[in-house]
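In: Sequence first, predicted coordinates after that:
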Amino acid sequence: MIYLDYAATTPMSNEALEAYQHVARNYYGNSSSLHDTGTTASDLLETCRGELARIISGKKEGIYFTSGGSEANFLAIRSLLKGCGHKGKHIITTATEHASIHSLCKSLEKEGYEVTWLPVDSNGIIALSQLKAALRKDTCLVSIHHANSETGILQPLEAIGGLLKEKNIHFHSDCVQTFGKIPIDVEKLHLTSISISSHKIYGPKGVGALFINPKASWKSVYEGASHEKGMRPGTVDVPGIASFLTAAQQMESSMQDLKEKYETMRIHFLRLIQQSWLPIVVEGENVQGLPHILGLRLPGIEGQHVMLECNRKGIAISTGSACQMGSQSPSRTMIATGKTPDEAREFVRLSFGKQTTIRDLELAVEALKEIIEERIKRSG
């Protein structure tokens, strides 16, 4: 199977696996226990916390380990809202957020919060002027992702953060797709909180992290929680966290090389499409985005059909974010960018990874060509 769904998840690296095994064998104590075995595990946990903070240029005190990106999004937004309840109940976000944030904001609306859903342009990017116009005295939090999980398109976080810092408004960003792929500096981007995940960067599943600026006021969602400074309950997974950090350090050291590799692969893939005269639409082709994520539409062919046919041909792609699949509804991102429901259902996502080769991409283009030709024959 040719795997082109790295934006959904990645295989664990050998180094991350080795780190997990080593720590599970030698640092098995509960990090909250006061005996020496527990203290040894706690010391390692704090080392991981500090190193992860360094990678995002944040304070160690602001790192909280979670079960993944979705939980980190939930805890960040809920905890910050509980901590700033006096300010108001107005939230700003976009319709193109990850399912975990989209569904949370829908729930918050039912709880009495007012949510402004910022529009995006045809590429999925917000306009700063529209954000500025949406701000109110009772705006307590803005949540805008760093990169869209379906198209890889980047939002102008630094400009957004600068605007919100002036207004003293909390700024959360889902950085799950960007962490380890491009530099993230929470101070430079003026971010109050971010969410990141291990399994997107060749680490274990079920591990993630949340950063909240230590200067920000927050209150735990869980009354009486004793782990992660009261952020959440449950014994901390020290082996998983050490494995996560190992994967993060690897990604940091190879970030530029991988970026260049993916840019070369992307150019080659797009050139192959052009040379084959394939009627394929590339979403956000001319704006800044993550080079390893390609959002495509094959006009007149449903994305689910394309995905299943590719699977039959031994190629794994997706119809969008794995966290919102299974409903047959069209892509929210595509709808938000102005596509009709039928056009939105045409969407598929290809995403490269460390193991992807040029030959993999050539075979993927051949598969897409065959799918288009088969559809033309049937309709002709």
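Out: Done, it's in. From a predicted model like this one, the values you see are computed outputs, not experimental measurements. Numbering: from 1, shown residues only.

In: Domain map for this structure?
Out: Described in terms of automatic domain parsing, the domain architecture of the chain consists of the residue ranges 2-6+255-379, 14-249.

In: what about the shortest one, average pLDDT?
Out: What that stands for is domain 2-6+255-379. Computed over domain 2-6+255-379, the mean pLDDT rounds to 92.

In: Need the distance between the two termini of that domain.
Out: With CA to CA, to the nearest Å as the measure, domain 2-6+255-379 spans 29 Å from end to end.

In: which stretches of the stretch 151-300 of the chain form strands?
Out: Taking DSSP state E, counting those that start in this stretch, the strands of the stretch 151-300 of the chain run over residues 170-174, 193-197, 208-212, 281-282, 293-297.

In: what does the fourth one rub up against?
Out: Defining contact as CB atoms under 8 Å, 6 or more residues apart in numbering, one finds that strand 281-282 is touched by 270, 273, 294-299. All C-beta atoms are positioned from the backbone trio N, CA, C, and that covers glycine.

In: Try it again at 6 Å.
Out: Surrounding strand 281-282, the residues in contact under the criterion CB atoms under 6 Å, 6 or more residues apart in numbering are R297.

In: Please identify the deepest-packed of the strands of the stretch 151-300 of the chain.
Out: Using mean count of other CB atoms under 10 Å, the stretch among the strands of the stretch 151-300 of the chain with the greatest mean number of neighbours is strand 193-197 (a mean of 30).

In: Provide the strand pairings for that strand, with the direction of each partner.
Out: Each strand pairing with strand 193-197, determined using DSSP bridges, is listed with its direction: strand 170-174 (parallel), strand 208-212 (antiparallel).

In: give the contact list for G289.
Out: G289 makes contact with 152-154 under the criterion CB under 6 Å, 6+ apart.

In: The stretch 101-250 of the chain: helices as residue ranges?
Out: Along the stretch 101-250 of the chain, counting by DSSP state H, counting those that start in this stretch, helices occupy 128-134, 157-167, 238-275.

In: residues contacting S351?
Out: For S351, the contact set (CB under 6 Å, 6+ apart) comprises 5-7, 292-293.

In: For E18, state which of these is nearest.
Out: Distances from E18 to the contacts of S351, taken as CB to CB, are shortest for Y6 (21.1 Å).

In: separation between that closest one and G50?
Out: Going from Y6 to G50 by CB to CB, to the nearest Å gives 28 Å.

In: Looking at those two, which has the bigger crowd around it?
Out: In this comparison of Y6 against G50, neighbours counted by other CB atoms under 10 Å, the higher total goes to Y6 at 22 against 14.

In: residue contacts, the more buried one?
Out: With contacts defined as CB under 6 Å, 6+ apart, Y6 is in contact with 351, 353.

In: What of the one 3 residues further on?
Out: With contact set as CB under 6 Å, 6+ apart, T9 has these partners: H199.

In: hang on, the earlier thing: export the contacts of G289 as TSV, with columns for pLDDT, neighbour count and distance to M265.
Out: What follows is the contacts of G289, written out as TSV (pLDDT from 0 to 100; neighbours: other CB atoms under 10 Å; distance: CB to CB, whole Å):
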residue	pLDDT	neighbour count	distance to M265
G152	97	25	13
I153	97	23	18
L154	98	20	18
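
In: Now distance to E252 too, for the residues you listed, in a markdown table please.
Out: Supplementary listing: the contacts of G289 in a markdown table, determined by distance: CB to CB, whole Å:
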| residue | distance to E252 |
| --- | --- |
| G152 | 19 |
| I153 | 23 |
| L154 | 19 |
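
In: That concludes my questions; thank you for your assistance.
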